[in-house]
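Visitor: what follows is a protein structure lacking sequence information:
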Ligand code: CR6
């Protein structure tokens, strides 16, 4: 239907166009209007939540107007767009970000004050949008911020989960999961009830031959579920560009429920159908770096991918171009293998629905997609059982078999008679049952494959994807080191530091070009600058100390060294090594005389992070941290010398408070296991130093900031395999200091020893896969170096300033520019002065 307003009536439209608020008065007017009309409240019952809602709506109105203009500009320019497909977008809060990116926080602050509210309290009302698990989801969120800030024509596509990552409560030292129902009132989304797509599942395939002898496959029967679009505007920083994040929500295709069933008295089943449909987008799978192979997860993936591709193809078709131009208009990035079905779905659309030849279609497909790998951990590599897959997506399975056949034929030509090679690279694993290897499908279906840090990109080329380098040549594989957005992780999280930097660099331009941070190195000996630098860190620590007091009841001294490890709980991230180290410190302190103790550097060990609900060992680690805290924090001999804190429910908004308050943070994964890590970058950018292994982006951080500014320890990735082999086949004794720690636990120092035996026997009896014992000595020694360095406050501040000054490389802007140039072949859309 042509919905465009005819020329004669356009004048009236243009005259009555709205623009959103322009100044403080305008802002207040909009807030009051939203309170009184949208929220149906008044000055007699406007609490902070209502003020938050109205304030957000005032900003949303402005965003959506810019959003409209941005879309028009992009359509008009007819430029290539990039589509970022991610099953996770860990956005956190939107209001503060919108205010800062639009540059209207001061206006909002003054306006809210006039109306009787403190802006900080209003911001705090917002529920995090927590549609992700950890680094991968947060990376997608940082990328959206950079794409908009750099004026790239880009869309994000994801799922609108009704429940995001669970809320974590700690009860008696144990993690308890509480559902995260976050949609009660979400002012940041626009439901598009007119943008829907029917998605098919199950059914069967029929094949017939047409008049030209061509085989036509038709996917019939099964069931239909409706995808409804919800749009979230993404504001760029200091630019009018406002991009779109489109999240799909599932609904029964027949609307409310099946009236036929209802009328025939089958009420329960008609409701059940509806609920089954809605289940698809109901909940985010809470696993980080773990594949569970559940049918509902596959349904989520296909639902999301099919809806997104339909949308992308629909937009392309409007341009009336020839199919071969599709890759000139469209780049699609696969964030991990979760959206790999998009490769198959696009081939299906082109061959089955649009009638293209296989070859021509496949060229279009492979020129369109890029695939980012985020892990080498085998347990995280997605595989789908063939029988399960066949039942749900029968036509897609046929297509995968055909893709594999043609691929293996090409391998055969290059490596004749190498049957082992064929078996290794095949998309199908010949196991019982057969499995579809999604990473193989993603590699075969993309023109570029990238890892997320240099070491990681090297590792995938020499280990898990080695054979593919031989098949496709090395140029298909590349590296794009992760980055973070300085808008959220410096400007928003640490406003005082951001202001100090801006006063020295001359403007806020460093937030658009982070390499400008280099300028602050000139001030590293400036006494006033150093004093303010230290004061800001201290103030951030005071704020965190208050939060610790409020949430745990424990008093911590803000002058102590704050040692932070916040991230998902995982054996490979080795929180167990950290807590064993804390116990070692406690035992050492206990063995000293009160006089000797006084020489010790006081420390607060702060942990935070969620364990996947089914990850028993991770839950045991959380329990031990809390059990140690309960003993240490109440030990009169120890006092302020050591405190152990577990912060409940670590999420993006808590990270914004915790990260700026850290003196040292821990990034201590077994070498070769953490693909990149991104919180390491956030901590250093906020003036915290880090202790870490030679893993992921730690290595590049060292290259940038200098070896003297980081505390590295432990075995190297290249040696891990041999060490593991020795654990199994050689002699394996536990490090003596670690053995003392185990002894204390087994004596019941921290409560029932049986509660913690899993952690001990993993090291002692089950091959110590993560090399906790091998790295323990070097870890403890390096922690002593940290203490020593911290006691030299002058030296410490120099390290801190130097590090921040050299972090320019880690902006997600640099990262997005690399993707744009090396993988997507797209350019920013210039904004003409309006
Ligand atoms: N768990 C990596 O483990 C990396 C992010 C983003 C991870 C982490 O090192 O920084 O991706 N991998 O690239 C996956 O999620 C599979 C992560 O967040």
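Guide: Happy to help now that I have it. No experiment lies behind these values; they were computed from the predicted model shown.
Visitor: for the stretch 601-750 of the chain, what spans make up the helices?
Guide: 616-632, 652-658, 679-685, 698-705, 717-729, 736-746 (DSSP state H, counting those that start in this stretch).
Visitor: nearest to the ligand, out of those?
Guide: Closest of the helices of the stretch 601-750 of the chain to the ligand is helix 679-685, at 8.4 Å (criterion: Cβ to the nearest ligand atom). The way it works is simple: take the backbone N, C-alpha and C, and place the C-beta from them, glycine included.
Visitor: how distant is that closest one from the center of its chain?
Guide: 15 Å (Cα atoms, centre = their mean, to the nearest Å).
Visitor: didn't residue 704 look like it was pressed against residue 804?
Guide: No: counting by Cβ atoms under 8 Å, residue 704 sits too far from residue 804 to count as a contact (11.0 Å).
Visitor: so which of the helices of the stretch 601-750 of the chain is nearest residue 277?
Guide: Residue 277 sits nearest to helix 652-658 of all those, at 30.0 Å, using Cβ to Cβ.
Visitor: does the ligand sit close to the closest one?
Guide: No: shown here: helix 652-658 not in contact with the ligand (Cβ under 6 Å from any ligand atom), separated by at least 13.3 Å.
Visitor: who touches that helix?
Guide: Here helix 652-658 makes contact (Cβ atoms under 8 Å, 6 or more residues apart in numbering) with 90-93, 126, 128, 130, 138, 141, 488-489, 492-493, 543-544, 547, 564, 566, 606, 608, 647, 650, 679, 682.
Visitor: and the residues you listed, which are buried?
Guide: 90-93, 126, 128, 130, 138, 141, 488-489, 492-493, 544, 547, 564, 566, 606, 608, 647, 650, 679, 682 (16 or more other Cβ atoms under 10 Å).
Visitor: just to revisit the earlier point, so for residue 704 and residue 804, which residue has more residues nearby?
Guide: Using other Cβ atoms under 10 Å as the criterion, residue 704 and residue 804 rank with residue 804 on top: 25 against 19.
Visitor: OK, contacts around the residue lying closest to residue 231 once chain neighbours are set aside?
Guide: Among residues not flanking residue 231 along the chain, residue 190 sits closest, at 4.6 Å (Cβ to Cβ, 6 or more residues apart in numbering). Going by Cβ under 8 Å, 6+ apart, residue 190 touches 64, 230-233.
Visitor: okay, buried residues for stretch 69-87 please.
Guide: 70, 73-74, 79-87.
Visitor: in a helix, residue 26, correct?
Guide: Yes: counting by DSSP: H, G, I helix; E, B strand; the rest coil, residue 26 falls inside a helix.
Visitor: got the contact list for it?
Guide: residue 20.
Visitor: same thing with residue 46?
Guide: Residues near residue 46 by Cβ under 8 Å, 6+ apart: 35, 54.
Visitor: tell me the secondary structure at it.
Guide: When classified by three-state DSSP, residue 46 comes out as coil.
Visitor: state the pLDDT value of it.
Guide: pLDDT, residue 46: 97.
Visitor: then residue 379?
Guide: Looking at residue 379, its pLDDT reads 97.
Visitor: which SS class is it?
Guide: Per three-state DSSP, residue 379 ends up helix.
Visitor: next, count neighbours for the residue lying closest to residue 361 once chain neighbours are set aside.
Guide: Nearest non-adjacent residue to residue 361, counting by Cβ to Cβ, 6+ apart: residue 350, 3.7 Å away. Residue 350: 22 surrounding residues under other Cβ under 10 Å.
Visitor: what about residue 350, distance to residue 357?
Guide: Distance check for residue 350 against residue 357: by Cβ to Cβ, to the nearest Å, it reads 9 Å.
Visitor: residues from the stretch 201-350 of the chain in reach of the ligand?
Guide: Within the stretch 201-350 of the chain, the residues that sit near the ligand (Cβ under 6 Å from any ligand atom) are 288-289, 336.
Visitor: turn those residues into CSV, columns for secondary structure and pLDDT.
Guide: Shown next, in CSV, are these (DSSP: H, G, I helix; E, B strand; the rest coil; pLDDT from 0 to 100):
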residue, secondary structure, pLDDT
288, coil, 96
289, coil, 95
336, coil, 98
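Visitor: and residue 217, how many neighbours?
Guide: Residue 217 has 15 neighbouring residues, counting by other Cβ under 10 Å.
Visitor: can you check residue 760 too?
Guide: Neighbour count for residue 760, taken as other Cβ under 10 Å: 21.
Visitor: use 776 as the first number for this chain going forward.
Guide: I'll keep to 776 as the first residue from here, and by that count the last item is residue 1535.
Visitor: once you drop chain neighbours, what's closest to it?
Guide: Residue 1535 sits nearest to residue 1517 (Cβ to Cβ, 6+ apart), 5.1 Å away.
Visitor: which strand or helix spans the residue of the chain most remote from its centre?
Guide: Ranked by distance from the centre of the chain (Cα atoms, centre = their mean), the top residue is residue 986, with 50.5 Å. Under the criterion DSSP states H and E, no helix or strand holds residue 986.
Visitor: next, the distance between the ends of stretch 1355-1375.
Guide: 18 Å (Cα to Cα, to the nearest Å).
Visitor: and the stretch 1376-1525 of the chain, which of its residues are near the ligand?
Guide: Where the stretch 1376-1525 of the chain comes near the ligand, counting by Cβ under 6 Å from any ligand atom, the residues are 1449-1453, 1471.
Visitor: need those residues in CSV (columns: neighbour count, distance to residue 783 and pLDDT).
Guide: Output for those, formatted as CSV (neighbours: other Cβ atoms under 10 Å; distance: Cβ to Cβ, whole Å; pLDDT from 0 to 100):
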residue, neighbour count, distance to residue 783, pLDDT
1449, 31, 63, 98
1450, 29, 59, 98
1451, 27, 57, 98
1452, 24, 60, 98
1453, 24, 54, 99
1471, 29, 61, 98
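Visitor: ramachandran angles for the residue lying closest to residue 1209 once chain neighbours are set aside?
Guide: Of all residues not flanking residue 1209 in the chain, residue 1161 sits nearest, at 4.1 Å (Cβ to Cβ, 6+ apart). Dihedral pair for residue 1161: phi -60, psi -50, per degrees, to the nearest 10.
Visitor: many thanks, I have nothing further to ask.
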